[in-house]
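Colleague: quick one, what's the 3D model for this:
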Amino acid sequence: MMLVHSNIYTRRGLIGTAGYGRRELLHADRVTLENRYFSTSNAFDLTGLKAFPSFDKIQQKGLQYANMSSQTVITANSSSLSSESMQEWESAFSYEAAMEALSSLITRKKRGANSNKDAKYTKLERMSMYIQILGIKEQIVDLNIIHVAGTKGKGSTCTFCEAILRESGFKTGLFTSPHLIDVKERFRLNGLEISEERFLLYFWGCWNQFKEKVTEDLPMPPLFQFLTLLGLKIFVSEKVDVAIIEVGLGGKNDSTNVIQNPVVCGIASLGFDHTDILGDTLEKIAWHKAGIFKPQVPAFTVPQLPEAIDVLKQRAQELEVPLQEVEPLTYKRLNGVKLSLSGDHQLVNAGLAVSLCKSWLNTTRNWEKLFQNDIADDILPEAFLRGLSTAHLSGRAQIYHDSSLGSSNELETDKSRFGELIFYLDGAHSPESMDACAKWFSNVVHEKIRRPVSFSKVGKMEEVYSNGYIQDSNEKEESNIISKRILLFNCMEVRDPEIILPRLVEICASSGSDFSKAIFVPSISTYSKVTSGASDIPLFIPSKDLAWQFKLQRVWERLIHGRDTGLSNNLTMGNLPPPEFLYDDISHCNPENGKLSCSAVFPSLPLAVSWLRNSARDNPKLRLQVLVTGSLHLVGDVLKLLKR
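Modeller: Take a look at the predicted model:
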């Protein structure tokens, strides 16, 4: 019989530094773990695993556990444990089991549904109680938090802040939402997504602490609340020097607003989004966003419309908050450095990030230590420039060259055998963010094609573009290339396509970047289940209701033709658009005269991506430039398909 001390929360190094991994814990019958103790401050309680059917079977086959004060001791009888038992034990703690547990926390499929008004405690009161359960209330103050709200740009601002302070020598934690492929993306330590081992250790620790304390008045926290609490627990346990926290929705009533002592707050650009929750005027939306202001804590914002800035200033005055309006960063201040996040709108977010980081450094008394206070206001320190040029955020103005059209050997030896398929991904879903997306796409599709390269194959760093691409000296002759711009679109049903689609069309058309065709697809992601990045995706999903996609298509056709064409071409595996569908431009589309339409609805996203790949593979002269937008969920699904 062996005793395994399983308190798994450690200081900076956690398990990795101490030399112990999850597999060592799970395979307790296969290795000797006598007297190996993990340095911890909180118990890793397994009680909550009773909820999993497999756990009862595991107990019957020789695994038992007992709570002993602040410790949990797992007893494993090597002689009685079969290989099957250990597999079940691993399964109970697996990543898929964690995703199943997270899925059980989804309380409604659509955001904005009415919450339980009869609940004894408010959301933020419950958040405070959960923090007490985790025992991290006092430690949260030491996280030196930067808290950022906004309608668009808050994720980019947080990403810039993290990179700047990391390049300045600080240990950083970054919490953002939503994730695109895998929930681990929401938690970054020193710029890197948290590892699966660390995630599982912290996840099950929090899960079981909550399970032990739940009551009718204090149930398990819903999904986003749980993830917020998990992020705070991770950052406290990892002892980061700074935690950058992105607001989920709104500000005043957001789960992240349980933070009471931030070092500095930021409000990114404000616009109309989530109006069903935040209100239908800019004043109401600004009031919610300003809810993250804390008395006398410095705050910064970007240029806003008058009705928004007036509300922010009023709320700041009430709380004695020193609020400053920050101008966008200029190319002069960047001193030739290119922002790693594309689009002119990123100058606004970068300017806000610079001010937030300067304020954070001054408040924490690190500015003079690092820079001797001899840097002029209009000059950015080298560490700031490094951060601004290396920050990375998937799914926002991201360019992805699809390399799956042939084998790697074929592509190296004869690139001319296949066409090109380039995805331009941006999760824009509000009117303002769609404007920025359209302007970005209009600019980049006319640039020289740049391909991803290995830096080891490049002689001089100056040859590499700042976004990680290099111009190919063996590019196909541009005169022989047929470029077609395709819109791949979906949005949530709470969005108004009558607002966001016209803005996209108008901006792209005015810059000569018209779309040849539009493809409308359902997303793969559902709001009732959290899946891992490794989850398989079926090629054909015939059960999807496509009514919403047909509505989007009708809006599109009205935009193009000025009237409803009455299209309802429900595509199946055997009824896909013919190859010539891609070649007729919008100006030649006239369904009433028998011409192919300007758009199509595909029954599944994997089918649409497969069709685009086949089209490019079969046409060596074809360059498909596909803008994927309308939803971060759609962008995440496409990335998942491309990278699997």
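
Colleague: work out which residue lies at the spatial centre of this structure.
Modeller: Centroid check for the chain by C-alpha atoms, centre = their mean gives His179 as the closest residue, at 3.3 Å.

Colleague: distance of the closest residue to that residue other than its chain neighbours from Ala350?
Modeller: Distances taken as C-beta to C-beta, 6 or more residues apart in numbering put Glu185 closest to His179, at 4.1 Å, once the chain neighbours are dropped. (Glycine included, C-beta is placed from N, CA and C.) Separation of Glu185 from Ala350 (C-beta to C-beta, to the nearest Å): 21 Å.

Colleague: check contacts around Leu124.
Modeller: By C-beta atoms under 8 Å, 6 or more residues apart in numbering, Leu124 lies in contact with Asn253, Ser255, Asn257, Val258.

Colleague: show me which of these are buried.
Modeller: Ser255, Asn257, Val258 (16 or more other C-beta atoms under 10 Å).

Colleague: mind telling me what element the residue nearest to the centre of the chain is part of?
Modeller: Under DSSP states H and E, no helix or strand contains His179.

Colleague: now Ala518
Modeller: Judged by DSSP H and E, Ala518 forms part of strand 517-520.

Colleague: chain center to that strand: distance?
Modeller: Counting by C-alpha atoms, centre = their mean, to the nearest Å, strand 517-520 is centred 24 Å from the centre of its parent chain.

Colleague: excluding chain neighbours, what is closest to Phe300?
Modeller: Using C-beta to C-beta, 6+ apart, the nearest residue to Phe300 is Ser355, at 4.6 Å.

Colleague: which residues in the stretch 51-200 of the chain form strands?
Modeller: 63-68, 71-76, 146-149, 172-175, 187-189, 192-193 (DSSP state E, counting those that start in this stretch).

Colleague: before we move on, what about the stretch 501-644 of the chain?
Modeller: 517-520, 599-601, 622-629.

Colleague: closest to Pro303 out of these?
Modeller: strand 622-629 (24.5 Å; C-beta to C-beta).

Colleague: would you put the C-alpha positions of that closest one in CSV?
Modeller: Taking C-alpha atoms only, strand 622-629 is exported to CSV below (Å, rounded to 0.1, in the frame of the first residue of the first chain):
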residue,chain,number,x,y,z
LEU,A,622,-6.7,30.4,-59.0
ARG,A,623,-6.0,32.4,-55.9
LEU,A,624,-8.8,32.4,-53.4
GLN,A,625,-8.7,35.1,-50.8
VAL,A,626,-11.3,34.2,-48.2
LEU,A,627,-12.4,36.6,-45.5
VAL,A,628,-13.8,34.8,-42.5
THR,A,629,-15.8,37.1,-40.3
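
Colleague: now do it: distance to the chain's middle.
Modeller: 22 Å.

Colleague: with stretch 263-270 instead?
Modeller: Counting by C-alpha atoms, centre = their mean, stretch 263-270 is centred 19 Å from the centre of its parent chain.

Colleague: about what we covered before: now the strands of the stretch 501-644 of the chain in TSV, with mean neighbour count, distance to Ser511 and mean pLDDT?
Modeller: Conversion of the strands of the stretch 501-644 of the chain to TSV gives the following (neighbours: other C-beta atoms under 10 Å; distance: least, C-beta to C-beta, whole Å; pLDDT from 0 to 100):
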stretch	mean neighbour count	distance to Ser511	mean pLDDT
strand 517-520	26	17	94
strand 599-601	23	21	90
strand 622-629	24	13	95
